[in-house]
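Asks: return a 3D structure for these sequence lines:
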Amino acid sequence: MWGIYSTLMAAFKRKRKCPACGQQNVVGLENKDKTIKCSRCGKDLPPPKTHT
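Replies: All right, here's what the predicted structure looks like:
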């Protein structure tokens, strides 16, 4: 049961690594295309570049 839960949670959240301090930040799907602030140092984390 835990495997199903963790798989679903991974689908709803994404991780972004801060280029300044290296902190892994979990980003919800509602913010996946937005610039967010790092939870540790407060620097801007731009959205990942899309491959076209």
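Asks: as a check, name the ranges of all strands in this protein.
Replies: 13-17, 24-28, 36-37, 44-45 (DSSP state E).
Asks: got the contact list for the closest residue to residue 39 other than its chain neighbours?
Replies: Spatial nearest neighbour of residue 39, excluding adjacent residues (C-beta to C-beta, 6 or more residues apart in numbering): residue 25 at 5.5 Å. The C-beta positions use only the backbone N, C-alpha and C, and glycine is treated the same way. Residues in contact with residue 25 (C-beta atoms under 8 Å, 6 or more residues apart in numbering) are 15-18, 36, 38-39, 45.
Asks: what's the neighbour count on the residue nearest to residue 13 when sequence neighbours are not counted?
Replies: Once flanking residues are discounted, residue 13 sits nearest to residue 26: 5.0 Å by C-beta to C-beta, 6+ apart. Counted with other C-beta atoms under 10 Å, the neighbours of residue 26 add up to 11.
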